[in-house]
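Chemist: A structural model of the following input is requested.
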Amino acid sequence: SEKTIFNFFLNNPGEMINTKISWEDAKKFALEREGNLNVWDDGGESISFIMEINNEEVTVTMTKSRLNGKTTFVSVENSKILEQQVMDKLGIKIKNR
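Modeler: Just a heads-up that it's a prediction; the model follows:
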């Protein structure tokens, strides 16, 4: 639920949390919020979507557990911070105008 995501963001921003949320329920929840589904050749799946918490845009990423294939890992992070981390990893620098 959105309340659960809100609590993850407040208490564990950016941390991948192992939950008992069923993967099918998580995927349905994310798809209802226009989530982008990723499926890998090895059967792994994740889905991410954007939402707003306290006037802050966050990226919610839900990943199917590779341990049992039935539960979900959830990560909630400020979208701008996540974008900067990805750019830093890729070595992309944007000059200020």
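Chemist: quick one: buried residues of stretch 78-95?
Modeler: 78, 82 (16 or more other CB atoms under 10 Å). The way it works is simple: take the backbone N, C-alpha and C, and place the C-beta from them, glycine included.
Chemist: Over to stretch 48-60?
Modeler: Neighbour counts over stretch 48-60 (16+ other CB under 10 Å) mark 48-49, 51, 53, 58-60 as buried.
Chemist: next one: stretch 65-81
Modeler: Buried, per 16+ other CB under 10 Å, within stretch 65-81: 65, 71-78.
Chemist: Alpha carbons of that stretch, as CSV, please.
Modeler: Output in CSV follows, covering the C-alpha atoms of stretch 65-81 (Å, rounded to 0.1, in the frame of the first residue of the first chain):
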residue,chain,number,x,y,z
SER,A,65,12.8,-12.4,-4.8
ARG,A,66,15.3,-14.7,-6.4
LEU,A,67,15.2,-16.9,-3.2
ASN,A,68,11.6,-18.0,-3.6
GLY,A,69,10.1,-16.2,-6.6
LYS,A,70,7.1,-15.4,-4.6
THR,A,71,7.9,-12.4,-2.4
THR,A,72,9.2,-8.9,-3.1
PHE,A,73,12.1,-6.6,-2.3
VAL,A,74,11.2,-2.9,-2.2
SER,A,75,13.4,0.2,-2.5
VAL,A,76,12.1,3.8,-2.3
GLU,A,77,14.5,6.6,-3.0
ASN,A,78,14.4,10.3,-3.9
SER,A,79,14.3,10.3,-7.7
LYS,A,80,16.9,13.1,-8.1
ILE,A,81,19.4,11.4,-5.8
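Chemist: who touches the longest helix anywhere in the chain?
Modeler: Across the chain, the helix with the greatest residue count (assigned by DSSP state H) is helix 79-90. With contact meaning CB atoms under 8 Å, 6 or more residues apart in numbering, helix 79-90 is reached by 14, 50, 57-59, 93-94.
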